[in-house]
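*Asks:* Fold the following for me, if possible:
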Amino acid sequence: MSVDTEKSSSDETYFNLICNHVVDLALSLNAHAVFLVGDIEFKSDKLKGIPVIAVNSVLPSVFERLKATEDRSLLVEEYADAVVSNADDSISLIHSVAALEYILGNVSNGYILGFVKKESFYSIVVHDISDNKIVRLVHECENRVAPGVFNLVIKLAIKISTQGREGNKIGTAFIIGDEDEVMRRSHQMILNPYLLQDPTDCNILNKENWESVLGFAQLDGVFIVSAEGSIISAGRYLDVDANSFKIGKGFGSRHISAASITRDTNAIAVVISQSGGIIRCYMDGKEVLMIDPFSSKASMPV
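*Replies:* Down below sits the predicted model:
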């Protein structure tokens with residue numbers, strides 16, 4: 001019993017020491033956030049308002065195969081490989097979540113810290129968001145539209161993906177920017193609910209307009225959004241030549257037509273899959289970003 005108590009006291013001291021390092025590092029870097037990966041009970045009044053965000057980690061256990069290893073001569077090599085793999089997975093997850101938090105407007109350019117626990121290991125990851133490849137991609141998208149438009153479309157897409165409408169899953173798409181050319185390459189199959197509306201009354205930058213978007217997202221077709229964020233049309237069909245266009249197996253006409261219109265114009269497409277809720281962004285005819293709102297992950301095609 002005394003041995004267990006001593007071990008518990010030692011573990012607590014070790015954990016508190018690491019927590020102090022996290023706090024000191026966060027303050028010295030003026031970090032925007034601390035991400036917790038794994039089962040970590042971390043609280044500190046010394047962070048001076050720096051938010052602590054628990055990450056939904058789905059990292060697989062890298063030690064399961066070690067426990068089942070019969071050839072003990074391979075144990076050291078396997079163990080080392082597992083530690084490196086675990087670190088790589090943790091860093092990748094932190095980069096992904098940092099990018100998503102940036103898109104959602106919860107963090108800005110600067111440093112974030114990752115505090116990771118996996119099995120009996122703790123690690124601290126320092127990440128400069130300005131070096132994040134996904135954030136750089138978002139900046140490229142922002143160069144084609146007014147500030148905040150792309151980010152808020154993504155935020156609205158996540159809302160549609162996770163909440164749906166009246167308990168039903170919704171799949172739709174937003175075509176953003178180069179609106180004159182996109183309108184010339186599309187047609188209306190139903191009455192446009194945004195016809196003759198004042199652009200200021202249907203701008204996607206105003207979240208009061210999102211409720212109408214959620215309702216019209218159930219219509220067939222896509223939303224056309226101007227570079228300034230005004231919703232020009234809903235229920236629009238894209239007139240594209242997609243016969244020779246390939247974006248991978250398993251994608252329907254919505255993904256193909258949305259990707260095709262970005263090949264033929266300077267528009268950006270944001271597509272929400274009805275089946276799985278995955279959000280994909282296309283630019284210049286290529287998928288440039290994938291977001292899974294249910295696992296808090298964002299990634300770019302390899």
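
*Asks:* Where does pLDDT dip in this structure?
*Replies:* 1-9, 56-88, 242-250, 296-297, 302 (pLDDT under 70).

*Asks:* How is it partitioned into domains?
*Replies:* 2-131, 136-299 (automatic domain parsing).

*Asks:* Output those in TSV, with mean neighbour count appended to each entry.
*Replies:* For glycine as for every other residue, the C-beta is placed from the backbone atoms N, C-alpha and C. Output for these, formatted as TSV (neighbours: other Cβ atoms under 10 Å):
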stretch	mean neighbour count
domain 2-131	15
domain 136-299	18
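
*Asks:* Relative to the whole chain's centre, how far out is stretch 197-210?
*Replies:* How far stretch 197-210 lies from its chain's middle: 24 Å, per Cα atoms, centre = their mean, to the nearest Å.

*Asks:* Give me the residues contacting that stretch.
*Replies:* In this structure, residues lying in contact with stretch 197-210 by Cβ atoms under 8 Å, 6 or more residues apart in numbering are 148-149, 152-153, 156, 159, 194, 212-213, 225-226, 228-231.

*Asks:* Looking at those, which is nearest S257?
*Replies:* S257 has its nearest neighbour among the contacts of stretch 197-210 in V225, at 15.9 Å by Cβ to Cβ.

*Asks:* Bridged to that closest one, which residues?
*Replies:* I176, I231 (DSSP bridges).

*Asks:* Now do the same contact list for it.
*Replies:* 149, 153, 174-177, 179, 204, 231-232.

*Asks:* for R144, helix, strand, or coil?
*Replies:* coil (DSSP: H, G, I helix; E, B strand; the rest coil).

*Asks:* should've said N266
*Replies:* Assignment for N266 (three-state DSSP): coil.

*Asks:* Isn't V222 up against L238?
*Replies:* Yes. Here V222 reaches L238: they are 6.5 Å apart, a contact under Cβ atoms under 8 Å.

*Asks:* shared neighbours, these two?
*Replies:* 175, 186, 257-258.

*Asks:* will you turn those residues into CSV that also has distance to L289?
*Replies:* Listed next are the shared contacts of V222 and L238 as CSV, based on distance: Cβ to Cβ, whole Å:
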residue, distance to L289
I175, 15
S186, 23
S257, 18
A258, 13
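
*Asks:* Just the ones in helices from the residues you listed, please.
*Replies:* 257-258 (DSSP state H).

*Asks:* What sits closest to D241 if chain neighbours are left out?
*Replies:* S260 (7.1 Å; Cβ to Cβ, 6 or more residues apart in numbering).

*Asks:* who's in contact with the residue lying closest to I268 once chain neighbours are set aside?
*Replies:* Nearest residue to I268, sequence neighbours excluded (Cβ to Cβ, 6+ apart): I176, at 4.7 Å. Residues in contact with I176 (Cβ under 8 Å, 6+ apart) are 144-145, 149-150, 153, 225-227, 267-270.

*Asks:* Thank you kindly, that will do.
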